[in-house]
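Enquirer: I'll drop the sequence and a predicted model, then ask my questions.
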Amino acid sequence: MIRQLFAVLGPAHTPALRRLSALLIAAALSQGIAFATLVPLVRALLSPDPASAWAPLGGMVVAASVAVVAQFIAQRQGFRVGSAVARRLHHRLGDAIARLPLGWFNPARVGELARTSNQRVMAVMTVPAHLLRPLCNGVVSPAAAIAAMYLFDWRLALVMTLFAPVLALVAKRASDIVQRSDSARDEAMVESANRVVEFTRNQPVLRAFGQEGRGRRLLDEALRTRRDVDRSMIWRSLPGLTGFGFMVRVGFAVMLVLGVAFVMDDTLDVPTMLAVTVLVARFLEPMTVAADLSAALRLSSNALNEVNRVIQEPTLPEPVTPRLPASTEVEFDGVGFGYGEAAVLRDVSFRMPARGLTALVGPSGSGKTTIARLLARFWDVDAGAVRIGGIPVTDIGTEGLTPLVSTVFQDVYLFDGTVRDNVLLGRPDASEDELRAAATLAGLDEVVAELPEGWETTVGEGGTRLSGGQRQRVSIARALVKDSPIVVLDEATASLDPENDAIIQAAISTLAKDKALLVIAHRLNTVTSADRILVLDEGRIVQQGGHHELVDVPGPYQEFWRSRSRAKGWRLSSAR
Ligand SMILES: Nc1ncnc2c1ncn2[C@@H]1O[C@H](COP(=O)(O)OP(=O)(O)OP(=O)(O)O)[C@@H](O)[C@H]1O
């Protein structure tokens, strides 16, 4: 674990951790020496010359004072190193998050990440801040006292020395047994935490459909599993912990019996025997505390492994020499992609010129969102290539691609800042006029006019103080302000009231004038005004062309058009 901590902290903090280790060892050593001086002290007190006790007493006071001062400084240093560990882990997590492919982020992973950056980082920082000191005391102090024992009676010292590896072995075995149930316990903890969140979040749905009982049952099941796993862990750890305590007492008893035997055959004097008994009894406690803490140390080590797993999560490869495209037409060339084994897109090829509207239509699950995300390089394709201006997006690199593509997806997330901050995120140096123009086009000006503090109104975490339609307007304004040449827009069905409908229509026609605009289309207006329509079915482009070309041809597009028109009360028309 210490080696892991050195690795986490890196060379800049190595001296601090070394200093902490040195202080802890010094404190534990001097505590061990203070323990050991008990022997000459008791011997002197019980001797015919009790005044000779001053020297060992002085030694004990000095050793104990050094121990107290070193412990105090080590405690402070422990907190410092603990907070350096937390800072460093948070920075490394932050860097990793910034490099992770956008496709990595899903609600489950985001929840897991929150746990990693809070509880797990806390668990790691407790090692230098709280755990190392008692652990060091439990190992180094007894070792120092045993070493000093060789000065008084080598036979008893040898018995204790031989007993140390036995105890270490018992402690290790106990820890190994419990460790086997760690992953089951972790899984049960994550599952129950997820269920609590799910149960809370889904209250409106559960109540609306009278399914509170079902939601409750799932939650209860997860909590029951967790209770069972916890119980089983306690049962598993009991033999180890009691076994360790038992072995400590056996060692103590063996030493007593031997001590008494040595006293009986006159090779050990009674005061030394008494003093050694007191000494051994004194260091049993820190040893037992250290054994108990080994479980906490193991959990911290598991937590660090989890943090490292996120930090070492593979990122998308960046080009050595990024290339910037001279133009911004988009090309999907024989693209194949799957989230796992199963293919979601197969041999998808199409072109989008630098200006104009391309509409993606197709049944739910046909791969529309996946195409849109591949254009913004949420993931890399499995086959074929996505190119902008003839250059594969993999050769453009993140820094080059970010200014080229804006996305407006359904799951709009806003930061807990003001409306202005959220829009300016698209381009922090946008002028006030550009900001207002984008707001007008996105219909955000009306929203801002009604908000209590206008542009300076804070939107709440995730934008919860705004309605779905208002959030979408902020997100469209953000994309407009960013003014990137390629825009990907998902027409959210959820926010399509007549007012929003008009706003989206206006935004789409403005954007299509001078940008390559890819829209996952749900509105018939968008489809009819599109320069080209890509019809997807089961991950393939089954038809492409303009509305008038496609609507007369029997096929998926005609069916799509018919069903949507019926739903809207529109008439099938092929008028040119
Ligand atoms: N992050 C993901 N991990 C695993 N599978 C996914 C993921 N996102 C989508 N899929 C799967 O990929 C397929 C295509 O999904 P996609 O979201 O691209 O379809 P869509 O046409 O946009 O659907 P909809 O119109 O319902 O939004 C679906 O079978 C879906 O279950």
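Expert: Thanks, I have the structure now. Numbers count the residues shown, from 1 in each chain.
Enquirer: backbone phi and psi for the residue of the stretch 51-200 of the chain found nearest the ligand, please?
Expert: With Cβ to the nearest ligand atom as the measure, Asn106 is the residue of the stretch 51-200 of the chain nearest to the ligand, at 5.6 Å. Using the backbone N, CA and C atoms, a C-beta is placed for each residue, glycine as well. Backbone torsions for Asn106, taken as degrees, to the nearest 10, come to phi -140, psi 170.
Enquirer: ok, now which ones touch it?
Expert: By Cβ atoms under 8 Å, 6 or more residues apart in numbering, Asn106 lies in contact with nothing.
Enquirer: report pLDDT for it.
Expert: The model reports Asn106 with a pLDDT of 75.
Enquirer: so which helix or strand takes in the residue most central in space within the chain?
Expert: Closest to where the C-alpha atoms of the chain average out (Cα atoms, centre = their mean) is Leu113, at 2.6 Å. Counting by DSSP states H and E, the element that carries Leu113 is helix 107-115.
Enquirer: touching, the residue nearest to the centre of the chain and Glu313? I think so.
Expert: No - Leu113 lies out of contact with Glu313 (Cβ atoms under 8 Å); the separation is 10.3 Å.
Enquirer: what does the stretch 51-200 of the chain put close to the ligand?
Expert: Listed as neighbours of the ligand in the stretch 51-200 of the chain under the rule Cβ under 6 Å from any ligand atom: Asn106.
Enquirer: list the contacts of the closest residue in space to Leu218 that isn't next to it in sequence.
Expert: In space, and not counting its chain neighbours, Leu218 is closest to Arg195: 6.0 Å by Cβ to Cβ, 6 or more residues apart in numbering. Neighbour list for Arg195: 218-219, 222-223 [criterion: Cβ under 8 Å, 6+ apart].
Enquirer: can you pull the pLDDT of whichever residue of the stretch 201-350 of the chain sits closest to the ligand?
Expert: Nearest residue of the stretch 201-350 of the chain to the ligand: Tyr339, at 3.3 Å (Cβ to the nearest ligand atom). Tyr339 carries a pLDDT value of 88.
Enquirer: which residues touch the residue nearest to the centre of the chain?
Expert: Leu113 neighbours (Cβ under 8 Å, 6+ apart): 93, 97, 310.
Enquirer: what's around the residue of the stretch 201-350 of the chain closest to the ligand, how many residues?
Expert: 10 (other Cβ atoms under 10 Å).
Enquirer: residue numbering should commence at 498 henceforth.
Expert: New numbering, starting at 498: the last item is Tyr836.
Enquirer: quick one: it is in a helix?
Expert: No - going by DSSP: H, G, I helix; E, B strand; the rest coil, the assignment for Tyr836 is coil, not a helix.
Enquirer: that one and Thr866: what is the separation?
Expert: Taking Cβ to Cβ, to the nearest Å as the criterion, Tyr836 is separated from Thr866 by 11 Å.
Enquirer: could you do His1044 as well?
Expert: Distance, His1044 to Thr866, using Cβ to Cβ: 22 Å.
Enquirer: those two: which is more packed in?
Expert: Ranked by neighbour count (other Cβ under 10 Å), His1044 and Thr866 place His1044 first, with 21 against 18.
Enquirer: show me which residues of the protein sit near the ligand.
Expert: Going by Cβ under 6 Å from any ligand atom, the residues of the chain near the ligand are 603, 836, 841, 859, 861-867.
Enquirer: adding secondary structure and distance to Asp1028, write these out as TSV.
Expert: What follows is these, written out as TSV (DSSP: H, G, I helix; E, B strand; the rest coil; distance: Cβ to Cβ, whole Å):
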residue	secondary structure	distance to Asp1028
Asn603	coil	33
Tyr836	coil	30
Val841	coil	26
Gly859	coil	18
Ser861	coil	24
Gly862	coil	26
Ser863	coil	21
Gly864	coil	21
Lys865	helix	17
Thr866	helix	21
Thr867	helix	22
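Enquirer: elements contacting the helix or strand hosting Phe569?
Expert: Using DSSP H and E, Phe569 falls within helix 551-596. Under the contact criterion of 3 or more Cβ pairs under 8 Å, 6 or more residues apart in numbering; DSSP states H and E, the helices and strands touching helix 551-596 comprise helix 499-533, helix 535-542, helix 618-623, helix 629-646, helix 767-808.
Enquirer: redo these as a markdown table? Include mean neighbour count.
Expert: Putting the helices and strands packed on helix 551-596 into a markdown table (neighbours: other Cβ atoms under 10 Å) gives the following:
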| stretch | mean neighbour count |
| --- | --- |
| helix 499-533 | 18 |
| helix 535-542 | 21 |
| helix 618-623 | 21 |
| helix 629-646 | 22 |
| helix 767-808 | 18 |
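Enquirer: could I get those as CSV with mean pLDDT?
Expert: Listed next are those as CSV, based on pLDDT from 0 to 100:
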stretch, mean pLDDT
helix 499-533, 84
helix 535-542, 86
helix 618-623, 91
helix 629-646, 87
helix 767-808, 83
